[in-house]
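# from the sequence below, what's the structure:
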Amino acid sequence: MIKARAIMTENVAKISEDTALEEAAKIMLGKHVRSLLVTRQKAPLAIVTENDLIKGFINKNRGKAAVKNIMDKNFIVVSPEARYSS
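You can find the predicted model right below:
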């Protein structure tokens, strides 16, 4: 078993739930990441992925919709000290 700290990403790219889809896509491209942590008042709220953005662009109003309309709230937060086994 290893600790989560050994496989976790530090300095995760974050956005607010009110961020426009287009802005979220620009942040992903600029930071070379495939997902962003969505926060509310600095607390983790959800995650948004490239796939979420693609669906959002197809189904919503081309970049004018906010991330809160497409984000995935099904994620977990673990302590860096949590143990992981594959």
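
# switch to C-alpha atoms for all contacts and neighbour counts from now on
Noted.

# tell me which element the most centrally placed residue in the chain is part of?
Closest residue to the average C-alpha location of the chain: residue 36 at 2.6 Å, with Cα atoms, centre = their mean. Using DSSP states H and E, residue 36 sits in strand 35-40.

# return the set of buried residues in that strand.
The neighbour-count check on strand 35-40 (16 or more other Cα atoms under 10 Å) flags 35-39 as buried.

# swap in stretch 16-34?
16-17, 19-22, 24-25, 27-28.

# farthest-separated two in the residues you listed?
Farthest-apart pair in those is 17 and 28; separation 14.9 Å (Cα to Cα).

# can you pull the pLDDT of residue 43?
Residue 43 carries a pLDDT value of 90.

# ok, now the one 5 residues further on?
Model confidence at residue 48, expressed as pLDDT, equals 95.

# now it. Its backbone dihedrals?
Main-chain torsions, residue 48, degrees, to the nearest 10: phi -130, psi 130.

# nearest residue to it other than its sequence neighbours?
With Cα to Cα, 6 or more residues apart in numbering as the criterion, residue 48 has its nearest non-adjacent residue at 4.9 Å, and that residue is residue 71.

# for the one you found, give me its contacts.
Counting by Cα atoms under 8 Å, 6 or more residues apart in numbering, residue 71 makes contact with 38, 46-49, 52.

# which residues in this protein form helices?
Ranges of helices in the chain, per DSSP state H, are 21-31, 50-59.

# out of these, nearest to residue 80?
helix 21-31 (22.9 Å).
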